[in-house]
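In: coords please:
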Amino acid sequence: MITFAKVMHPAAAKWYDRRDFVFIEFLVEDSKDVNVNFDKAKFGFSCLSGTDNMKYSNEIDLFESIDQDGSKHRRTDRSILCCLRKAESGKSWPRLTKDKAKLNWLSVDFNNWKDWEDDSDEDLSNYDRFSEMMGNMGGEDDLPDLDGADDESADSDDEKMPDLE
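Out: Residues are numbered from 1 along each chain as shown. Next comes the predicted model:
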């Protein structure tokens with residue numbers, strides 16, 4: 001009997017950038033044995049899929065550093081969504097990879113892409129949806145904060161005017 005070694009293929013993925021996070025969604029249905037490695041400058045993903053146990057593996061040298069402890073992933077029946085916390089918040093990533101090389105398995109998720117530098121409350125609602133989806137990851141306390149949403153800074157409208165009398 002002849003046995004053939006299973007060849008690993010890169011999984012198709014989409015990504016988008018936010019102020020404090022980079023999101024990557026690996027489009028693998030019926031995944032199992034999912035392994036996600038968050039390293040400061042690298043990101044690794046592998047899994048098996050389907051009844052034929054197709055092997056997928058991706059490794060990315062990241063554009064900038066990430067906070068491994070603040071990064072999470074979530075598996076669904078159709079994909080694996082990874083939330084990478086940026087080590088330097090507020091810095092735009094023009095691409096996911098360190099090198100400018102085009103990876104045929106990676107594309108921009110234009111449905112979720114937005115120019116976050118204009119900063120609006122939409123970031124919070126997008127984050128709320130992600131937080132809800134990540135609910136099974138150990139509670140809200142484990143999820144990262146978005147753009148200091150809990151900061152209570154005083155606006156100039158809230159400041160009292162001095163008495164002129």
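In: can you give me the strands for the protein?
Out: For the chain, the strands defined by DSSP state E cover 8-9, 13-17, 21-26, 31-38, 42-49, 54-61, 66-75, 80-86, 106-108.
In: what lines up beside the shortest one in the sheet?
Out: What that stands for is strand 8-9. strand 54-61 (parallel) (DSSP bridges).
In: can I get the strand it pairs with in PDB, CA atoms only?
Out: Extracted in PDB, the C-alpha atoms of strand 54-61 (Å, rounded to 0.1, in the frame of the first residue of the first chain):
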ATOM      1  CA  MET A  54      -7.400  19.000   3.800                       C
ATOM      2  CA  LYS A  55      -4.400  20.700   5.600                       C
ATOM      3  CA  TYR A  56      -4.200  24.500   5.600                       C
ATOM      4  CA  SER A  57      -1.300  26.500   6.900                       C
ATOM      5  CA  ASN A  58      -0.400  30.200   6.700                       C
ATOM      6  CA  GLU A  59       2.400  32.200   8.100                       C
ATOM      7  CA  ILE A  60       2.700  36.000   7.900                       C
ATOM      8  CA  ASP A  61       5.500  38.300   8.800                       C
END
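In: what comes up buried for that strand?
Out: 54, 55, 56, 58, 60 (16 or more other Cβ atoms under 10 Å). Using the backbone N, CA and C atoms, a C-beta is placed for each residue, glycine as well.
In: show me what the fourth one bridges to in the sheet.
Out: Judged by DSSP bridges, the bridge partners of residue 58 are residue 45.
In: now do the contacts for it.
Out: The contact partners of residue 58, taken as Cβ atoms under 8 Å, 6 or more residues apart in numbering, are 10, 11, 13, 26, 44, 45, 46, 105.
In: can I have the buried ones of those as a PyMOL selection?
Out: This is how PyMOL selects the buried members of the contacts of residue 58, with burial counted by 16+ other Cβ under 10 Å:
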select buried, resi 10+11+13+26+45+46
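In: what's the most distant pair in the contacts of residue 58?
Out: Spanning the widest gap among those are 44 and 105, at 14.1 Å by Cβ to Cβ.
In: once you drop chain neighbours, what's closest to residue 89?
Out: Nearest residue to residue 89 in three dimensions, chain neighbours excluded: residue 20, at 4.6 Å (Cβ to Cβ, 6 or more residues apart in numbering).
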